[in-house]
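J.: Sequence plus the predicted model coming up.
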Amino acid sequence: MNKRQINKKDRVWRWIAAAAVMLLLAGCSREYGEAEKEDTLTPMDENLIVVGVSQVGSESVWRTANTMSLQKVFTKENGYFMIFNNARQKQENQIKAIRSFISQRVDYIVFSPIMEDGWETVLREAKEADIPVILVDRKVKLQDQSLYTCWVGSDFKNEGRMAGEALAYCLRKQGRQRENIHIVLLQGTQGATATIGRAEGFQEIAQKHENWLILEQADGEFTTAKGQEEMERLLHRYKDIDVVVSQNDDMTFGALAAIEEAGKTAGEDGDILVISFDAVKGALKLVEEGKITADIECNPNQGEYVDQIIRKMEEGEAVAKLHFVPERVFVKENVAEDLGEDD
Ligand code: GZL
């Protein structure tokens, strides 16, 4: 699978064959869904590596940064032609887009699966078409691990552990190691690798602290609106919340609005400690202001890693199955070093 022995001449013939298939399909008056229409306008160019990219959606600031990191590398100047599809947070749109990439005979499929289940069939179709699949960000649950070449992303379980350790450190600083600490969790998209890993990692630390009482975990879907809605409901239900652990900054923005509306304050000098994930610029400013106690970085810059992997595969070199991106924990003490960097 790693040996990309297709030379330029073969690639042109593949494009001619694919174009013929598409014309035939169009002639069968098949109604294309939105995804197909977006993805069928692919010029043939023997020099470009054609990459089909299926992105989860545009649900968060982090997702936008992740998309930008892919768009930054998959340019004609870099020798690529990218066919991009935004699945708008629907798995069926991702499956449609991947099938469209297969029918267009792209050279590589790059995608961030919205959830871990439900990919076996379409990834088998990609394998049968001899098109390598590179996962970014989230993972897939598969019986047959050969259905994808490799994955680039974060160690989500370690992110969860770092969140737990950051909370423990803050409580120690406040002399609250023995106090009963009432915690609510705002979870991301159900079934997503980030949601699963962050929850498992945080739980691993939480179970070491018998005075940490988890009141409820709510589904905030990684969005600001849902995060605010759920935090409002939790604040109405529980009058003694000490900590909110929010699995991304977008939900945190909503949670902070709800906390303020409830007449409470966030931060080490306030009523509720806020632990967040992603570390997008807007959230780091809130860390600097003390409203977010700790923000666990989730590095969205995965495009450069995928570019390096494809270059290696083009040369027939083997690539590792897993590629972890580096990440840090931001607190008030160290956030200035990053905020000073150019975007
Ligand atoms: C994490 C990514 C998550 C982000 C959210 O790698 O899957 O999805 O934390 C995004 O902001 O919606």
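T.: Everything's here; your move. Numbering: from 1, shown residues only.

J.: Tell me which residues touch the most centrally placed residue in the chain, please.
T.: By CA atoms, centre = their mean, the chain has its centre lying nearest to residue 137, at 4.4 Å. When contacts are counted by CB atoms under 8 Å, 6 or more residues apart in numbering, residue 137 touches 56, 66, 112, 152, 153, 154, 193, 194, 302. Any C-beta I mention is one placed from the backbone N, CA and C, and that applies to glycine too.

J.: now residue 265
T.: Contacts of residue 265 (CB under 8 Å, 6+ apart): 259, 271, 272.

J.: go on, residue 326?
T.: So residue 326 contacts residue 299 (CB under 8 Å, 6+ apart).

J.: element containing it, please.
T.: Residue 326 is part of no helix or strand when elements are defined by DSSP states H and E.

J.: quick one: it from residue 205, how far?
T.: According to CB to CB, to the nearest Å, residue 326 and residue 205 sit 21 Å apart.

J.: Which residues of the stretch 101-250 of the chain lie near the ligand?
T.: Applying CB under 6 Å from any ligand atom, one finds that the stretch 101-250 of the chain approaches the ligand through 137, 138, 154, 192, 194, 222, 248, 250.

J.: what about 5 Å?
T.: 137, 194, 222, 248 (CB under 5 Å from any ligand atom).

J.: can you pick the most crowded of the residues you listed?
T.: Ranked by neighbour count under the definition other CB atoms under 10 Å, those are headed by residue 248 with 33 neighbours.

J.: next one: phi and psi at that residue?
T.: Dihedral pair for residue 248: phi -160, psi 160, per degrees, to the nearest 10.

J.: just the one 10 residues further on next, same as before
T.: Dihedral pair for residue 258: phi -70, psi -40, per degrees, to the nearest 10.

J.: Could you tell me how many residues sit around it?
T.: Burial measure for residue 258: 20 neighbouring residues, criterion other CB under 10 Å.

J.: do the same with the one 10 residues further on
T.: For residue 268, the tally of surrounding residues (other CB under 10 Å) stands at 15.

J.: just so I have it, where are all the helices in the stretch 51-200 of the chain?
T.: For the stretch 51-200 of the chain, the helices defined by DSSP state H, counting those that start in this stretch occupy 61-73, 91-103, 120-128, 156-173, 193-206.

J.: can you tell which of those is closest to residue 284?
T.: Nearest to residue 284 among the helices of the stretch 51-200 of the chain is helix 61-73 (11.3 Å), distances taken as CB to CB.

J.: Can you say which of the contacts of residue 265 are buried?
T.: Among these, those buried by neighbour count (16 or more other CB atoms under 10 Å) are 259, 272.

J.: so of the contacts of residue 265, which ones are in helices?
T.: Among these, the ones falling in helices (DSSP state H) are residue 259.

J.: Spatially nearest residue to residue 60, not counting backbone neighbours?
T.: Leaving aside its chain neighbours, residue 60 sits nearest to residue 250 (4.3 Å; criterion: CB to CB, 6 or more residues apart in numbering).

J.: helix or strand for that neighbour, which one?
T.: Assigned by DSSP H and E, residue 250 belongs to helix 249-261.

J.: Can you name the next helix or strand after that helix?
T.: Counting by DSSP H and E, the next helix or strand C-terminal to helix 249-261 is strand 273-278.

J.: Output that next one as PDB, nothing but the C-alphas.
T.: Output of strand 273-278 as PDB, limited to C-alpha atoms (Å, rounded to 0.1, in the frame of the first residue of the first chain):
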ATOM      1  CA  LEU A 273     -12.800  26.800  38.100                       C
ATOM      2  CA  VAL A 274     -12.800  26.300  34.300                       C
ATOM      3  CA  ILE A 275     -10.600  23.700  32.600                       C
ATOM      4  CA  SER A 276     -10.800  23.700  28.800                       C
ATOM      5  CA  PHE A 277      -9.200  22.100  25.700                       C
ATOM      6  CA  ASP A 278      -8.000  23.300  22.300                       C
END
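
J.: How far does the next helix-or-strand element following that strand sit from its chain's centre?
T.: Next helix or strand after strand 273-278 toward the C-terminus (DSSP H and E): helix 281-289. Distance of helix 281-289 from its chain centroid, counting by CA atoms, centre = their mean, to the nearest Å, is 20 Å.
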